[in-house]
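Enquirer: mind folding the following:
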Amino acid sequence: GHSLGGGLAQVVGALTNTSAITFSSPGLGATSHILTPSPRNYDIAHMVANVIPYSDIIPMVDSQVGTKMSIGCSLAPLSCHSLNPTMCELLASCGDGGG
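Expert: Residues are numbered from 1 along each chain as shown. Coordinates of the predicted model:
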């Protein structure tokens, strides 16, 4: 999931013991404690990976509990939050498989 959808994916992944890969999601360090049912930080830490572009401000909301995978972004903070630059950076870093 991306952004708020990624935050929800983190909660569902932790509660159902399912891996979740998210992009630019807010953290759940404090927020998880006010949710019902409340995911355990241990489960978030072991089930969630969040791809976080440098300068993106949304992942700075609350503390990140799961695995953080930082990627480059030289754009303005709100532009770094968009999925397009994130996908371009991932393809440039990892290869696009297009031959």
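
Enquirer: going by C-alpha atoms from here, please, whenever you check contacts or count neighbours.
Expert: Noted.

Enquirer: what lies in contact with stretch 63-80?
Expert: Here stretch 63-80 makes contact (C-alpha atoms under 8 Å, 6 or more residues apart in numbering) with 26-30, 41, 44-57, 85-86, 89-90.

Enquirer: try 7 Å this time
Expert: For stretch 63-80, contacts defined as C-alpha atoms under 7 Å, 6 or more residues apart in numbering pick out 27-29, 41, 44-46, 48-57, 89.

Enquirer: list the buried residues of it.
Expert: By neighbour count on 16 or more other C-alpha atoms under 10 Å, the buried set for stretch 63-80 is 64-66, 68, 72-73, 79-80.

Enquirer: among these, which one sits closest to Pro37?
Expert: Taking C-alpha to C-alpha as the measure, Val65 is the one of the buried residues of stretch 63-80 closest to Pro37, at 17.2 Å.

Enquirer: three-state assignment of that closest one?
Expert: Here Val65 takes the coil state, with states given by DSSP: H, G, I helix; E, B strand; the rest coil.

Enquirer: look at it and report its pLDDT.
Expert: pLDDT for Val65: 95.

Enquirer: and it, how far is that from Val12?
Expert: Taking C-alpha to C-alpha, to the nearest Å as the measure, Val65 falls 14 Å from Val12.

Enquirer: in this protein, which helix or strand is least confident?
Expert: Across the helices and strands of the chain, mean confidence by mean pLDDT, DSSP states H and E is lowest for helix 83-94: a mean of 90.
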